[in-house]
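K.L.:
Got a sequence here, can you model it:
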Amino acid sequence: MKVKFLPQNIEFEIKPNQTVKDLADKNNIFIKSVCNAIPSCAECRIKIIDGEHNVLPPGTKELSLIGTGYFIDQRRLACQVICFGDITVDLAEQVEKQKNMSHKRPQGSRMPETQVSHAVTGNLIEQDKEIQEITKQRSKN
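P.N.:
Coordinates of the predicted model:
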């Protein structure tokens, strides 16, 4: 059994009961995942473009994440797809995610010390003092 990854145009042998996500991970093919195959994040979506008859239909957990759109676009969760024959998967969506990730600052990383905040501070306090002065003057009159 083989899985062909597009647009990379790379093919690998897949073991029985091995998921497409596991095969990709072992061969350094990027497929984003946050949940480590629980499934709960739906980040590892792939599109099966050939050989969909060689995979089991999605289970209830997978369907709850991908919805009925699966029946239209054939996108599945790579962490749940197990093959019993050759398939071809399109990873264009994953390639795009990988490109977008490289432009973002990692969560929790600090901004460089040289960056200065342009936030304006003290406006509410100054406004409150002005309101207090106006209120005092009106109460005297």
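
K.L.:
Would you state the strands of this structure in chain order?
P.N.:
In the chain, the strands defined using DSSP state E lie at 2-6, 10-13, 45-50, 75-77, 87-90.

K.L.:
Which strands or helices does the first one pack on?
P.N.:
Read it as strand 2-6. Packed against strand 2-6 by the contact rule (3 or more CB pairs under 8 Å, 6 or more residues apart in numbering; DSSP states H and E) you find strand 10-13, helix 20-26, strand 87-90. Every residue, glycine included, has its C-beta placed from N, CA and C.

K.L.:
Pipe the ones you listed into TSV and attach distance to residue 75, mean pLDDT and mean neighbour count per row.
P.N.:
Converted to TSV, those look like this (distance: least, CB to CB, whole Å; pLDDT from 0 to 100; neighbours: other CB atoms under 10 Å):
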stretch	distance to residue 75	mean pLDDT	mean neighbour count
strand 10-13	20	96	12
helix 20-26	12	95	20
strand 87-90	9	95	22
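
K.L.:
Let me have those in JSON lines, extended by distance to residue 73.
P.N.:
Output for the helices and strands packed on strand 2-6, formatted as JSON lines (distance: least, CB to CB, whole Å):
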{"stretch": "strand 10-13", "distance to residue 73": "23"}
{"stretch": "helix 20-26", "distance to residue 73": "16"}
{"stretch": "strand 87-90", "distance to residue 73": "10"}
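
K.L.:
hmm, back to that, so can I have TSV of the strands of the chain showing distance to residue 66?
P.N.:
Converted to TSV, the strands of the chain look like this (distance: least, CB to CB, whole Å):
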stretch	distance to residue 66
strand 2-6	19
strand 10-13	24
strand 45-50	7
strand 75-77	6
strand 87-90	15
